[in-house]
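Participant: For reference, the sequence and a predicted model appear below.
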Amino acid sequence: MRTFIAIDIGETVAANIGGLQNEIRGFLGPKQEGIKWVDPELIHLTLKFLGDVEEDQIAGITEIVAQTVENFKKFSIEVKKVSSFGRPPRVVWIGINVSDILCRLQSRLDSRLTKAGFEADEKKFVGHLTLCRVKDFAVGKQLKRIIPGFEGFSAGKIHVKSICVYKSELTKTGPEYTLLSRNDLL
């Protein structure tokens, strides 16, 4: 089963992101083919994507997450600045302020999961919330012109109270996430 570890963003930030998506849609006009918007209610901050894991590995994963977070206190991260990956953009996202505490948490999770036999992250952690994925070259070029107008955007703060392990199932209507565990911070 496809599994990942994430931070939920909360209703207020999700609503603000939904408003931003609608605003960007308005700038794009009627041509919306080749772009897949992420449902704001499904947006999360991924700390570690594990990919396909066996069901008998889930207990070990949730235990590693629980042990990792047990010494971390609640904290907040600001969600701001629209950006993209690719030229022209293939993924449009909102950045977060990557604080020391968030980096330590993500690094410890990655290290402990690597020791348990999961693949280590090859790239440096780039905390972001995906708004959409772009498959149409022309739409990507249009987004490249639009994105700079949203550099000052802020969706508010995520108040990080827990770290979650999710199962992800890909369906014809989009992904479906099932909460496997929620681990509260101090």
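Facilitator: Happy to help now that I have it. Numbering: from 1, shown residues only.

Participant: Look up how far E78 lies from the residue most central in space within the chain.
Facilitator: With distances taken as CA atoms, centre = their mean, L45 lies nearest the centre of the chain, 3.1 Å away. To E78, L45 is 12 Å away according to CB to CB, to the nearest Å. To be clear about C-beta, it is placed using only N, CA and C from the backbone, and glycine gets the same treatment.

Participant: Common neighbours of the two, please.
Facilitator: I96, I158 (CB atoms under 8 Å, 6 or more residues apart in numbering).

Participant: thinking again about what came up before, if I read this right, the residue nearest to the centre of the chain contacts G10, doesn't it?
Facilitator: No: using CB atoms under 8 Å, L45 and G10 do not qualify as a contacting pair, with a distance of 10.7 Å.

Participant: what do those two both touch?
Facilitator: Contacts common to L45 and G10, judged by CB under 8 Å, 6+ apart, are I158.

Participant: Check the protein for me, the residue farthest from its geometric middle.
Facilitator: P30 (27.4 Å).

Participant: Which of the three states applies to that one?
Facilitator: coil (DSSP: H, G, I helix; E, B strand; the rest coil).

Participant: cool, and V92?
Facilitator: V92 ends up strand, using three-state DSSP.

Participant: Kind regards, and thank you for your time.
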